[in-house]
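Undergrad: Here's a sequence, model it:
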Amino acid sequence: LQQATAGLDAVQTPWLSGYLAGVSQGPVTAAATTQSAGQTLTILYASQTGNAKGEASQLAETANAAGLKVVLRTT
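TA: Now for the predicted structure:
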């Protein structure tokens, strides 16, 4: 892992850290959101390349399908 990340700069390292943290959480499933049905989920995202917007939109669609009201906002 150190060898793979050795060439990353001060911007790339935190980005990769955040990305891996998000991936490690796994996808939102209907079972995971059943307890929150009827509540509002606010998804905040910021993106320079558009990747975060795509991920946030996909999460919003999944949450909507599970019965959650979703507010999607960019920072």
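Undergrad: what about residue 63, which helix or strand?
TA: According to DSSP states H and E, residue 63 maps onto helix 51-65.
Undergrad: helices or strands up against that helix?
TA: strand 40-45, strand 69-74 (3 or more C-beta pairs under 8 Å, 6 or more residues apart in numbering; DSSP states H and E). Yep, even glycine has a C-beta here, placed from its N, CA and C like the rest.
Undergrad: Now distance to residue 62 too, for the ones you listed, in TSV please.
TA: Shown next, in TSV, are the helices and strands packed on helix 51-65 (distance: least, C-beta to C-beta, whole Å):
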stretch	distance to residue 62
strand 40-45	10
strand 69-74	9
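Undergrad: To residue 57, which of those lies closest?
TA: Closest approach to residue 57 among the helices and strands packed on helix 51-65 (C-beta to C-beta): strand 69-74, 6.9 Å.
Undergrad: With mean neighbour count and distance to residue 55 as extra columns, can I get the helices and strands packed on helix 51-65 in JSON lines?
TA: Below are those laid out as JSON lines (neighbours: other C-beta atoms under 10 Å; distance: least, C-beta to C-beta, whole Å):
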{"stretch": "strand 40-45", "mean neighbour count": "13", "distance to residue 55": "7"}
{"stretch": "strand 69-74", "mean neighbour count": "13", "distance to residue 55": "11"}
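Undergrad: nearest to residue 14, of the ones you listed?
TA: Of these, nearest to residue 14 by C-beta to C-beta is strand 40-45, at 15.6 Å.
Undergrad: returning to what we had before: got JSON lines for the helices and strands packed on helix 51-65, with distance to residue 9 and mean pLDDT too?
TA: Converted to JSON lines, the helices and strands packed on helix 51-65 look like this (distance: least, C-beta to C-beta, whole Å; pLDDT from 0 to 100):
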{"stretch": "strand 40-45", "distance to residue 9": "22", "mean pLDDT": "92"}
{"stretch": "strand 69-74", "distance to residue 9": "25", "mean pLDDT": "92"}
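Undergrad: just so I know, which of those strands lies nearest residue 18?
TA: strand 40-45 (11.1 Å).
Undergrad: And the lowest mean pLDDT element among the helices and strands of this protein?
TA: When the helices and strands of the chain are compared on mean pLDDT, DSSP states H and E, helix 30-33 comes out lowest with a mean of 53.
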